[in-house]
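S.K.: sharing a model that was predicted from the sequence below.
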Amino acid sequence: MKVLKVPYKSGWFVVVIPTLTFLMAWFGSSLLVLALLDWNVSDWVGILICGSGILPGLMVSVAIYPLLLRLVARGQGELCLEGAALRWRSGLRWHEIDFAQPHHAEMAAEQDTLLTLQGNNTYVNIYFRGLPRREVLNLFPAPFFVDDLVVTPEMGSWGFDVTVDGPTVGDFATALLETLWHQRRQNRYFLMYEKFPWNRCPQPDFRHIRLIEWEKRSAEDEAFVKELEPHFIDGLTGSYVRATPDYLVGWVYQSVHSTLSGQPDYYCVMPLGYISAEVSLPRPDWKPFIIGHMLKEALATVLGTTAPSGGPYLEHRYYLYVRGRAIDGAPLELAFDWYGLVDNEYKEAKFLVRFIQTMKSRNKSNARVGKASSESCGKV
């Protein structure tokens, strides 16, 4: 196929330089304040000063970003699709991803489309302006796989910035999406998506969240839990929440005994289609942070020394909030530790949340039109 010469936005200008500018302004302003105070501050005051340095860091980074976008708009690159292989370059060196081999491909589409493609030690983004979601789904008919949240180049997406304004670019986009569809079994990300029965209607035996206290379990409760375990469809083996085709199952560890024994205090069985899920923003985990500093100060007082600087450091955690109804019909919300952006299981966990929400939305749609058959649930 003909080599396309298209604009290329370097990650140095879109991501690296703005990030470095932010960090330099943040730490620079914080260090300046600490130096003016002759470095004679307590841990708490130091934390407050470092926190206040975020604002000047953001202001400087935002101020220079328009200039960086003007500079990066001058970049040029080349794209070429040869059989099942995508070749590209933004400088002198050509790179290649063979889609007939194991790879990782993500896509998001709304008014425009973003493809994130990764092979062995290669990574590239291609942003197609003027390629709407409906055309993408005609070529890649997996609506729950294609995300609807598109990160534009103006928002920090680096890579190729292609405008579909003629048959040449349109044919290239079509051929690329068709290749990705034909080679989807080699796409590791698509294999995560396929674990979930998107076109099947859940058929739970109850509509409320069932809490099973393990110490007070009946023989029926134990048999029910044992029956669920072989039917987990996700690969989140280290999670406190897993899914079967009909239920979301959660584990709650509240006591020291349950933590040591590995047997949870409660099993939470949540019927798909009647629950919703939401992932929290990162939240500071204050408890171990405060306790750690209190212990450090107490130890220093006992030993008659100055408390050492440094940790424990404030860490952030994510939570999965599951909302449904209790057995008496009252609203019930449960929270479970969840995966963050840097965790290896984050992308599969994202599919699990999308699956829960899809089943909930489909159940609402069926309720509005008075349908609850598996046939209606199977329609996409």
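M.R.: Arrived safely, thanks for sending.

S.K.: the strands in the stretch 1-150 of the chain, which residues?
M.R.: With DSSP state E, counting those that start in this stretch, the ranges of strands along the stretch 1-150 of the chain come out as 4-9, 76-82, 85-89, 95-98, 104-109, 113-119, 122-129.

S.K.: parallel or antiparallel, which strands does the second one pair with?
M.R.: In its sheet, strand 76-82 lies beside strand 4-9 (antiparallel), strand 85-89 (antiparallel), with partners assigned from DSSP bridges.

S.K.: repeat that for the last one.
M.R.: Next to strand 122-129 in the sheet, as set by DSSP bridges, lie strand 113-119 (antiparallel), strand 159-163 (parallel).

S.K.: just the pLDDT at T174, thanks.
M.R.: Note for T174: predicted pLDDT of 95.

S.K.: so what's it up against?
M.R.: L139 (C-beta atoms under 8 Å, 6 or more residues apart in numbering). C-beta here means a position set from N, CA and C on the backbone, and glycine is covered the same way.

S.K.: can you confirm it is in a helix?
M.R.: Yes. According to DSSP: H, G, I helix; E, B strand; the rest coil, the state of T174 is that of a helix.

S.K.: from F224, how far out is it?
M.R.: From T174 across to F224, the span is 50 Å (C-beta to C-beta, to the nearest Å).

S.K.: and if you look at A100?
M.R.: Distance of A100 to F224, given as C-beta to C-beta: 45 Å.

S.K.: okay, the strands paired with strand 122-129 in TSV with mean neighbour count next?
M.R.: As requested, those are exported to TSV (neighbours: other C-beta atoms under 10 Å):
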stretch	mean neighbour count
strand 113-119	21
strand 159-163	22
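
S.K.: any idea which of those gets closest to A298?
M.R.: With C-beta to C-beta, the closest approach to A298 among the strands paired with strand 122-129 belongs to strand 113-119: 48.9 Å.

S.K.: just to revisit the earlier point, neighbour-wise, which of A100 and F224 wins?
M.R.: F224 (17 against 12; other C-beta atoms under 10 Å).

S.K.: picking up where we left off before, of all the strands of the stretch 1-150 of the chain, which one is nearest L137?
M.R.: Of all the strands of the stretch 1-150 of the chain, it is strand 104-109 that lies closest to L137, at 7.6 Å by C-beta to C-beta.

S.K.: pLDDT below threshold where in the stretch 201-350 of the chain?
M.R.: Across the stretch 201-350 of the chain, the ranges flagged by pLDDT under 70 are 284-294, 296-297, 300, 302-304, 306-315.

S.K.: and the strands in it?
M.R.: Assigned by DSSP E, counting those that start in this stretch, the stretch 201-350 of the chain shows strands spanning 210-213, 241-243, 247-252, 266-271, 276-279, 283-284, 316-325, 331-338.

S.K.: quick check: which of those is nearest to G83?
M.R.: Per C-beta to C-beta, nearest to G83 of those: strand 241-243, 37.6 Å.

S.K.: by contact count, what packs against that closest one?
M.R.: Judged by 3 or more C-beta pairs under 8 Å, 6 or more residues apart in numbering; DSSP states H and E, strand 241-243 is in contact with strand 247-252, helix 346-368.

S.K.: how close does the residue nearest to Y193 when sequence neighbours are not counted get to L31?
M.R.: Residue nearest to Y193 in three dimensions, not counting chain neighbours: F145, with 4.7 Å by C-beta to C-beta, 6 or more residues apart in numbering. Per C-beta to C-beta, F145 is found 46 Å from L31.

S.K.: out of these two, which sits in the more crowded spot?
M.R.: Using other C-beta under 10 Å as the criterion, F145 and L31 rank with F145 on top: 21 against 14.

S.K.: run a quick neighbour tally on V136.
M.R.: By the criterion of other C-beta under 10 Å, V136 has 23 neighbours.

S.K.: contacts only, for it.
M.R.: Neighbouring residues of V136 by C-beta under 8 Å, 6+ apart: M107, A109, T113, V146, L177.

S.K.: could you rerun that using 10 Å?
M.R.: 107-110, 112-113, 115, 128, 142-143, 146, 173, 177 (C-beta atoms under 10 Å, 6 or more residues apart in numbering).

S.K.: and those residues, which are buried?
M.R.: M107, A108, A109, D112, T113, L115, F128, A142, V146, A173, L177 (16 or more other C-beta atoms under 10 Å).

S.K.: is it possible to export these to TSV including distance to W251?
M.R.: As requested, those are exported to TSV (distance: C-beta to C-beta, whole Å):
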residue	distance to W251
M107	34
A108	32
A109	36
D112	41
T113	39
L115	37
F128	43
A142	31
V146	32
A173	45
L177	40
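
S.K.: and of the residues you listed, the nearest to W88?
M.R.: Closest approach between the buried ones among the contacts of V136 and W88, by C-beta to C-beta: L115, at 11.7 Å.

S.K.: roughly how far does R185 sit from E194?
M.R.: In terms of C-beta to C-beta, R185 sits 9 Å off from E194.

S.K.: okay, the two: which has more neighbours?
M.R.: When neighbours are counted by other C-beta under 10 Å, R185 and E194 differ, and E194 comes out ahead with 16 against 9.

S.K.: and the pLDDT at that one?
M.R.: E194 carries a pLDDT value of 96.

S.K.: likewise the one 3 residues further on?
M.R.: Confidence per residue is given as pLDDT, and for P197 that number is 96.

S.K.: so who does it touch?
M.R.: Going by C-beta under 10 Å, 6+ apart, P197 touches I233, A243, T244, P245, D246, L272, F355, M359, G378.

S.K.: now do the SS call for it.
M.R.: Look at P197: counting by three-state DSSP, its state is coil.

S.K.: from L191, how far out is it?
M.R.: Taking C-beta to C-beta, one finds P197 at 14 Å from L191.

S.K.: try L228
M.R.: Per C-beta to C-beta, L228 is found 23 Å from L191.

S.K.: re earlier: closest to E96 out of the helices and strands packed on strand 241-243?
M.R.: For these, proximity to E96 was assessed by C-beta to C-beta; helix 346-368 is nearest, at 23.4 Å.

S.K.: right, I'll call it a day here.
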